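**Q** Based on what follows, work out the 3D shape:
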Amino acid sequence: MAVFTPVEEAEAEPFIRRFGLGPLRALTPIAEGVENTNYRLDTDQGRFVLTLFEGRTDQTALPFCLGLTRHAAERGLPCARALVDDKGQSIGRLNGRPAAILNWLPGVARAELSLADQAAGGALLARLHLAAADYPAVRANPVGPAARRALFERCSSRAAGADRRILDRLAPWVAEGAPDPAAGLPHGPIHADYFPDNLLFEAGAPSGLIDFYFACVDAFAYDLAIALSAWGFDTGGAPMPAALTAFQAGYESVRPLSPAERAALPDLGAVAAVRFTLTRLHDRLFHDPAALVMPKDPAPFLLRLDWWTGAALAA
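**A** Numbers count the residues shown, from 1 in each chain. You can find the predicted model right below:
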């Protein structure tokens with residue numbers, strides 16, 4: 001259950017009151033998510049999400065992230081808006097954590113995705129890239145090349161056996177001076193965590209794009225490569241060719257890739273696989289037994305690295 005910081009109704013009510021939402025009717029923990037604490041708020045004014053940002057979320061990046069989702073919503077995308085309190089602020093503090101209230105988005109994430117869902121997910125990602133292109137704020141990728149090298153070194157201090165063999169596979173991709181396949185490609189604000197559980201569906205269509213807390217400025221094609229790595233493989237890490245094709249076709253129906261982006265896509269996919277293999281390995285090696293969320297297995301993303309590098313050789 002993704003509640004790291006418990007909040008009682010009596011603690012939440014003074015915070016909520018500042019947003020003019022009326023009396024609190026219900027405060028319900030939300031089980032989904034692995035980074036932050038989320039509650040469903042029901043008040044006289046409707047339904048909202050209360051988020052408390054935990055230690056892994058960069059507090060200094062919250063204005064960028066919350067501003068980007070608002071920017072996208074104002075351009076017609078199904079994204080949440082952070083509410084503003086009586087002092088004109090969207091970020092406050094609750095129980096020792098930065099906190100915000102966002103409007104509730106309808107729908108649910110789908111465990112089973114049809115090819116039509118894949119295409120719709122790809123098209124929405126492209127719409128986000130176009131809508132965000134004029135968003136003026138800037139945030140460097142928090143899991144960019146330097147951060148990946150730092151994660152690698154930290155993992156190296158503890159890894160042994162199978163975990164050491166994983167690091168040996170990743171080493172060429174995080175070495176100092178390793179080429180950056182995103183360099184020189186069209187770039188702008190990206191979601192950077194576009195997994196199926198961050199897209200809600202209702203009545204057969206995307207109804208809510210959530211969790212912008214890894215959002216940053218990077219290559220659009222890198223964001224596509226992350227999404228393909230998330231949507232186009234099964235839980236064991238095996239590729240699903242029809243899903244990969246449908247997602248990319250949906251994306252390119254809105255924003256066609258340039259020749260340079262298409263040529264770079266396998267290497268960008270490999271970088272995405274390295275990024276998520278590393279973060280999952282790190283979470284396993286440094287797991288706090290008291291944590292409520294179990295770390296995810298890095299092995300399926302290592303298999304994605306095999307596929308992306310094989311795709312590059314076949315190109």
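
**Q** Show the average pLDDT along stretch 276-287.
**A** What stretch 276-287 shows for mean pLDDT is 94.

**Q** What residues sit buried inside that stretch?
**A** Going by neighbour count (16 or more other C-beta atoms under 10 Å), the buried part of stretch 276-287 is Phe276, Thr277, Leu278, Thr279, Arg280, Leu281, His282, Asp283, Arg284, Leu285. All C-beta atoms are positioned from the backbone trio N, CA, C, and that covers glycine.

**Q** which one is Ala80 nearest to, not counting chain neighbours?
**A** With sequence-adjacent residues excluded and distances taken as C-beta to C-beta, 6 or more residues apart in numbering, Ala80 is closest to Leu102, at 4.1 Å.

**Q** Need the three-state assignment for the one you found.
**A** Look at Leu102: counting by DSSP: H, G, I helix; E, B strand; the rest coil, its state is strand.

**Q** okay, now it: neighbour count?
**A** Using other C-beta atoms under 10 Å, Leu102 is surrounded by 22 other residues.

**Q** Identify the bridge partners of it.
**A** Bridge pairing for Leu102 (DSSP bridges) gives the partners Val49, Ala82.

**Q** In this structure it contacts Ala82, no?
**A** Yes. At 5.2 Å, Leu102 counts as touching Ala82 under the criterion of C-beta atoms under 8 Å.

**Q** who touches both of the two?
**A** Common neighbours of Leu102 and Ala82, using C-beta atoms under 8 Å, 6 or more residues apart in numbering, are Leu66, Thr69.

**Q** Tell me the confidence at the residue nearest to Ala80?
**A** 97.

**Q** so who does it touch?
**A** Neighbouring residues of Leu102 by C-beta under 8 Å, 6+ apart: Phe48, Val49, Thr51, Leu66, Thr69, Ala80, Arg81, Ala82, Leu83.

**Q** quick one: contacts for the last one?
**A** Taking C-beta under 8 Å, 6+ apart as the contact definition, Leu83 lies against Phe19, Leu21, Phe48, Ser90, Ala100, Ile101, Leu102, Asn103.

**Q** quick one, phi/psi of Gly269?
**A** Main-chain dihedrals, Gly269, degrees, to the nearest 10: phi -60, psi -40.

**Q** Distance-wise, check it relative to Met294.
**A** Distance, Gly269 to Met294, by C-beta to C-beta, to the nearest Å: 26 Å.

**Q** circling back to that earlier point, among the contacts of Leu102, pick out the one closest to Pro6, please.
**A** For those, the minimum distance to Pro6 (C-beta to C-beta) is 14.2 Å, reached by Thr51.

**Q** what's the burial count for that closest one?
**A** For Thr51, using other C-beta under 10 Å, the count is 29.
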